[in-house]
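> show me how the following folds:
(one chain, ligands or ions: 1)
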Amino acid sequence: MTAKAGRSANGGVGVFRTAVVPAAGLGTRFLPVTKTVPKELLPVVDTPGIELVATEAADSGAERLVIVTSPGKDGVVAHFVEDLVLEGTLAARGKMEALEKVRRAPGLLDVSAVIQEEPLGLGHAVAQAEAVLDDDEDAIAVLLPDDLVLPSGVLDVMSRVRRKRGGSVLCAIDVPKEQVSAYGVFDVEVLPDAVNPNVLRVNGMVEKPALADAPSTYAAAGRYLLDRAIFDALRRIEPGAGGELQLTDAIALLIAEGHPVHVVVHRGSRHDLGNPGGYLRAAVDFALEREEYGPALREWLQHRLGPDWDPQLTTYD
Ligand code: UTP
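Here you go, the predicted structure:
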């Protein structure tokens, strides 16, 4: 069975049509704002994080985005619905740049929601997407909306690895040793026939290991290209840490059963939008790249961090 492939913006042919974005978590690290605002809608400068992730998925050949949401949080999907009244008003007022911005998200790909009734873990969230897949889809991409992996394009490399080696392909970043305990960490092996040294075989995965127990410094980075076999594995695992069904446990089960799992080590940068500190770094990083905000922000930051900064004497607009 071969999945009909999507065509990526980078010219490669993807091996998945559906990208799943789990967005049903509680967002406790971002309270109190997440009491009423889904963290996926918080703006990175002016664009919700979920639009950035949806753009990455579309650029890598996804035709459909399935957002896993919790009851009452399905407003995230509204960001991808055309607003003809707003568009008409902007057009009538000649605000063409703003019009282009509001049209961007609805034009990316088909977006739908599935509901995760209770936050029973990332594995449980991914499992909810199976019901909406077509019979001929034999792989899905999963993108965690908290993670920005830059520059985008790692899903294209992951697709190429699946085409060559089959199975499931994950994304890793090489983190400093003292940070390993914050991540899922891969136990990897160099492939004897690897052309790309950043493609490694995965023999196992440890969730948040102590430094001494970490099998490597390669940490999971929120992008997964999963064979459809993952759904069967998710049905067979028991709840793990915190009573949650862990995606990591289902992947570990596949590895134990001989399913090929590889990792692509991403050598670019990454932002974690899931906590205020990481989110602020992402916002500053993106704003510095923007023509309309970058130069003034840079100047202000230099002043703010410089020896002459005096909060009593400074006014700035
Ligand atoms: P996180 O644990 O990082 O997100 O899950 P969270 O639970 O929203 O955040 P905190 O820890 O309470 O601050 C990683 C991703 O998995 C989704 C989250 O929405 C996030 O995108 N997730 C997690 C679900 O969709 N359902 C779950 O039951 C758990």
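
> list the contacts for residue 249?
123, 237, 238, 240 (Cβ atoms under 8 Å, 6 or more residues apart in numbering). For every residue, glycine as well, the C-beta is placed using N, CA and C.

> give me the neighbour count for the first one.
Counted with other Cβ atoms under 10 Å, the neighbours of residue 123 add up to 22.

> does anything pack onto the strand or helix carrying it? Which helices or strands?
For residue 123, the host element (DSSP states H and E) is helix 122-127. Using 3 or more Cβ pairs under 8 Å, 6 or more residues apart in numbering; DSSP states H and E as the contact criterion, the elements in contact with helix 122-127 are strand 18-22, helix 229-236, helix 247-256.

> quick check: what element follows that helix along the chain?
strand 139-143.

> so how far is that following strand from its chain's centroid?
Averaged C-alpha coordinates place strand 139-143 at 10 Å from its chain's average position (Cα atoms, centre = their mean, to the nearest Å).

> show me what the following helix or strand past that strand pairs with in its sheet, parallel or antiparallel.
Moving toward the C-terminus from strand 139-143, the next helix or strand (DSSP H and E) is strand 147-150. Partners of strand 147-150 in the sheet, by DSSP bridges, are strand 269-272 (antiparallel).

> what's in contact with the partner strand?
Residues contacting strand 269-272 (Cβ under 8 Å, 6+ apart): 146-150, 173, 221-222, 278-279, 281-282, 285.

> now do stretch 29-49
With Cβ under 8 Å, 6+ apart as the criterion, stretch 29-49 contacts 21, 23, 26-28, 50, 52, 69, 73, 75-76, 79, 101, 145-146, 148, 273-276, 279, 282-283, 286-287, 290, 293.

> now do stretch 70-85
So stretch 70-85 is contacted by 23-24, 38, 40-41, 48, 50-51, 54, 65, 67, 69, 102-103, 105-106, 108, 111-113, 115-119 (Cβ under 8 Å, 6+ apart).

> which residues of the stretch 1-150 of the chain lie near the ligand?
22-29, 68, 116, 119-122, 124-125, 144-146 (Cβ under 6 Å from any ligand atom).

> quick one: buried ones out of these?
22-25, 27, 29, 68, 116, 119-122, 124-125, 144-146 (16 or more other Cβ atoms under 10 Å).

> ok so, going back, dump the helices and strands packed on helix 122-127 to a markdown table, plus mean pLDDT.
Formatted as a markdown table, these follow (pLDDT from 0 to 100):
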| stretch | mean pLDDT |
| --- | --- |
| strand 18-22 | 98 |
| helix 229-236 | 98 |
| helix 247-256 | 93 |
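
> let me have the ones you listed in CSV, adding distance to residue 191 as columns.
Output for those, formatted as CSV (distance: least, Cβ to Cβ, whole Å):
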stretch, distance to residue 191
strand 18-22, 26
helix 229-236, 21
helix 247-256, 15
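
> burial-wise, tell me which of these comes out on top.
strand 18-22 (a mean of 27; mean count of other Cβ atoms under 10 Å).

> that one: what's the following helix or strand?
strand 43-44.

> now that next one: average pLDDT?
For strand 43-44, mean pLDDT is 98.

> distance between that strand and the chain's centre?
Centroid displacement of strand 43-44 relative to its chain, using Cα atoms, centre = their mean, is 15 Å.

> mind checking how far whichever residue of the stretch 1-150 of the chain sits closest to the ligand is from residue 144?
Nearest residue of the stretch 1-150 of the chain to the ligand, counting by Cβ to the nearest ligand atom: residue 25, 2.1 Å away. Between residue 25 and residue 144 the computed distance is 9 Å (Cβ to Cβ, to the nearest Å).

> what's the answer for residue 179, then?
If you go by Cβ to Cβ, the gap between residue 179 and residue 144 works out to 17 Å.

> confirm that residue 155 sits in a strand.
No. Looking at residue 155 with DSSP: H, G, I helix; E, B strand; the rest coil, it is helix, so not inside a strand.

> that one contacts residue 53, doesn't it?
No. Residue 155 lies out of contact with residue 53 (Cβ atoms under 8 Å); the separation is 10.8 Å.

> neighbour count winner among the two?
Set residue 155 next to residue 53 and count neighbours by other Cβ under 10 Å: residue 155 wins out with 30 against 27.

> and the pLDDT at that one?
97.

> can you tell me the closest non-neighbouring residue to it?
residue 60 (3.7 Å; Cβ to Cβ, 6 or more residues apart in numbering).

> my read: that neighbour touches residue 160, true?
No. Using Cβ under 8 Å, residue 60 is not in contact with residue 160; the gap is 11.1 Å.
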